[in-house]
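Student: give me a 3D structure for the following:
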Amino acid sequence: MAPPVAAQRSRPRRLPWLKPIGNMIMVLFFAWAVIPYLQALVPMLTNTPVARLPDLYVAGHAQCEPVAPTFVADAHGYVRDAKRETGQVPLACEDARLLRGLGVALLSCDPGRIEWNTFLGPLNNPTPRGALWILPYNEKNATAQRLPIAQWPAANDFHPLGLGVYELAPGAARVFVVNQRALFTTIEVLDLVCEQGACHATYVRSLAHPRATHTANSVHPVSPHAVLVTNSHLFARRAPPRAQYVDALASKMPRVLASALYHVVRQPWCAPWLPKVDSLLGLGWVAHVAFDDAVHTPREDAAQYAQGLATHYVAGRLGFANGLGVTPDESALVVASSMYLGTYIYPLRVHDAQGHANWTSPRVLGRRHWAPTPFLPDNVAIVPRAPGAAWAKDDPLHGASVLVAGHPSVAALERMARDGTTRAPSWVVVQSFGRGAPTRDAVDVHYAAERAMQAQPMPSRRVPTRHGTMRMVCCSY
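Tutor: Have a look, this model is predicted:
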């Protein structure tokens with residue numbers, strides 16, 4: 001009798017068409033993920049300023065002059081005068097806000113950013129401090145005046161970035177300043193008073209929270225006790241203390257994974273590159289922060305800065321979230337994405353009885369619109385619609401317009417950084433929805449770009465978006 005034959009295990013039959021379909025799905029997914037970044041990166045790397053700008057643009061430097069440098073002696077300043085004394089000057093100004101009732105602009109300036117920049121680097125020297133300045137923009141040949149801040153904690157450093165102003169009464173306002181400190185980023189709350197042409201501020205408190213100020217960039221007040229703030233990255237170039245960093249990561253993933261990931265993201269070989277990957281993945285967000293004035297924060301203590309704070313996520317999936325603004329009637333939120341060369345416009349759907357947006361509602365944001373810009377957008381400001389003006393039914397801005405400033409290319413920006421005599425290749429555009437473009441008068445009333453636009457009519461062009469069209473009015477500086 002023949003010996004028994006051992007039973008052979010049957011292998012599962014592989015479907016021959018499964019692998020090609022899987023490969024095709026991977027290729028399509030890769031293309032879907034990469035093409036938007038290529039569309040963003042190619043203009044960033046190839047666009048350069050030219051001697052003759054297109055007809056659409058106005059050469060701003062032909063009509064505009066920079067703010068006259070005013071040297072104010074300060075032992076904590078970065079700039080040195082001919083006598084080698086340190087002081088403050090209105091240079092390297094990141095943000096500006098107008099107090100229209102007073103006819104002055106508030107500037108946040110930090111000349112030491114050349115050695116301390118928590119977003120782009122380097123991170124060499126956080127010791128020199130920046131300052132806030134007051135500029136009477138309606139006066140010809142006006143000079144900026146440094147804004148004194150009373151009761152400022154002497155041990156706290158000051159690297160002002162984003163700026164927000166909430167006007168309380170004629171001559172009084174609450175000011176919010178993003179401060180890129182050496183250890184972690186905070187939002188400084190100040191009370192501003194202007195009387196008889198002189199302005200001074202008083203320190204109120206500091207705000208810090210892993211969800212709200214992890215990589216805070218721009219701030220917009222929605223009330224005297226609440227602000228919206230953009231956080232550009234989840235992976236920070238300048239890492240805050242371990243507890244704060246883990247808390248920030250844990251807001252996006254399980255805490256066990258966040259604790260393990262912290263040790264990876266802090267490695268020197270990958271830390272400088274992670275913010276770039278972060279921008280590609282769109283990990284930036286917008287947070288809402290409400291706070292209590294009664295909590296005093298005299299010391300540099302992150303735990304104390306978080307007392308009396310209530311924070312909520314408002315918007316996410318933003319590549320390098322930067323400037324933001326809200327329309328005067330609170331019909332839309334506008335956020336600049338420096339990665340995607342455009343602004344995102346979110347219609348606001350939930351309001352209270354007084355007509356104010358309910359920022360803590362999970363349904364407050366409608367489907368977002370994307371409005372492209374021909375450069376990397378940085379800061380934004382809202383131009384209110386003209387009194388009595390109508391707007392299109394599908395206009396999320398309700399007749400308002402968006403003023404956007406930014407940089408045309410990475411290459412041009414790097415050349416400007418290497419050559420201090422070259423003018424910064426910055427651009428400014430005004431975006432409006434549908435057919436109506438803002439008039440020159442509407443822009444002039446509210447923004448200092450008026451001098452660049454008075455020489456000739458403001459041209460416009462229609463720009464397709466994913467949800468309708470925008471008109472852009474542009475000038476170059």
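Student: test my guess that C194 contacts L168.
Tutor: No: taking contacts as C-beta atoms under 8 Å, C194 lies outside contact range of L168: 11.6 Å. C-beta coordinates here come from the backbone N, C-alpha and C atoms, glycine included.
Student: out of those two, which sits in the more crowded spot?
Tutor: The neighbour comparison of C194 against L168 (other C-beta atoms under 10 Å) goes to C194, with 20 against 13.
Student: mind listing what the more buried one touches?
Tutor: 99, 102, 104, 134, 171-172 (C-beta atoms under 8 Å, 6 or more residues apart in numbering).
Student: out of the residues you listed, which two sit at the greatest distance?
Tutor: I134 and A172 (14.2 Å; C-beta to C-beta).
Student: tell me which of those two has more neighbours.
Tutor: I134 (25 against 15).
Student: hang on, that one packs against A142?
Tutor: No: at 9.9 Å, I134 and A142 do not qualify as touching, with contact defined as C-beta under 8 Å.
Student: model confidence over stretch 166-178, on average?
Tutor: Per-residue pLDDT values over stretch 166-178 give a mean of 93.
Student: so what pLDDT did D247 get?
Tutor: 94.
Student: once you drop chain neighbours, what's closest to it?
Tutor: Closest residue in space to D247, ignoring its immediate chain neighbours: P210 at 3.7 Å, by C-beta to C-beta, 6 or more residues apart in numbering.
Student: same question, C109
Tutor: In this structure, C109 finds its nearest non-sequential neighbour in C93, 4.1 Å apart by C-beta to C-beta, 6+ apart.
Student: which ones are touching the one you found?
Tutor: 67, 107-109, 133.
Student: and Q88, by the same measure?
Tutor: Neighbouring residues of Q88 by C-beta under 8 Å, 6+ apart: 71-72, 74, 77, 79, 109, 111, 130-131, 146.
Student: how close does the one residue sitting closest to the centre of the chain get to A332?
Tutor: For the chain, N322 is the residue whose C-alpha lies nearest the centre (C-alpha atoms, centre = their mean; 2.3 Å). Distance, N322 to A332, using C-beta to C-beta, to the nearest Å: 17 Å.
Student: tell me what the helix or strand containing W370 is packed against?
Tutor: Assigned by DSSP states H and E, W370 belongs to strand 369-372. The contact analysis (3 or more C-beta pairs under 8 Å, 6 or more residues apart in numbering; DSSP states H and E) places strand 369-372 against strand 342-347, strand 461-465, strand 468-476.
Student: buried stuff in that strand?
Tutor: Neighbour-count burial for strand 369-372 flags 369, 371-372 (criterion: 16 or more other C-beta atoms under 10 Å).
Student: paired strands for it, with orientation please.
Tutor: As defined by DSSP bridges, the strand partners of strand 369-372 come to strand 342-347 (antiparallel).
Student: please compute how far the partner strand lies from its chain's middle.
Tutor: How far strand 342-347 lies from its chain's middle: 13 Å, per C-alpha atoms, centre = their mean, to the nearest Å.
Student: likewise for stretch 170-190?
Tutor: Taking C-alpha atoms, centre = their mean, one finds the center of stretch 170-190 at 15 Å from the center of the full chain.
Student: and the gap between A155 and G121?
Tutor: Distance from A155 to G121, by C-beta to C-beta: 25 Å.
Student: who has more neighbours, these two?
Tutor: Higher neighbour count among A155 and G121: G121, with 13 against 8, using other C-beta under 10 Å.
Student: what helix or strand is the more buried one located in?
Tutor: Assigned by DSSP H and E, G121 falls within no helix or strand.
Student: now do the same contact list for it.
Tutor: By C-beta under 8 Å, 6+ apart, the residues touching G121 are 237, 272.
Student: read off the pLDDT value for it.
Tutor: According to the prediction, G121 has pLDDT 79.
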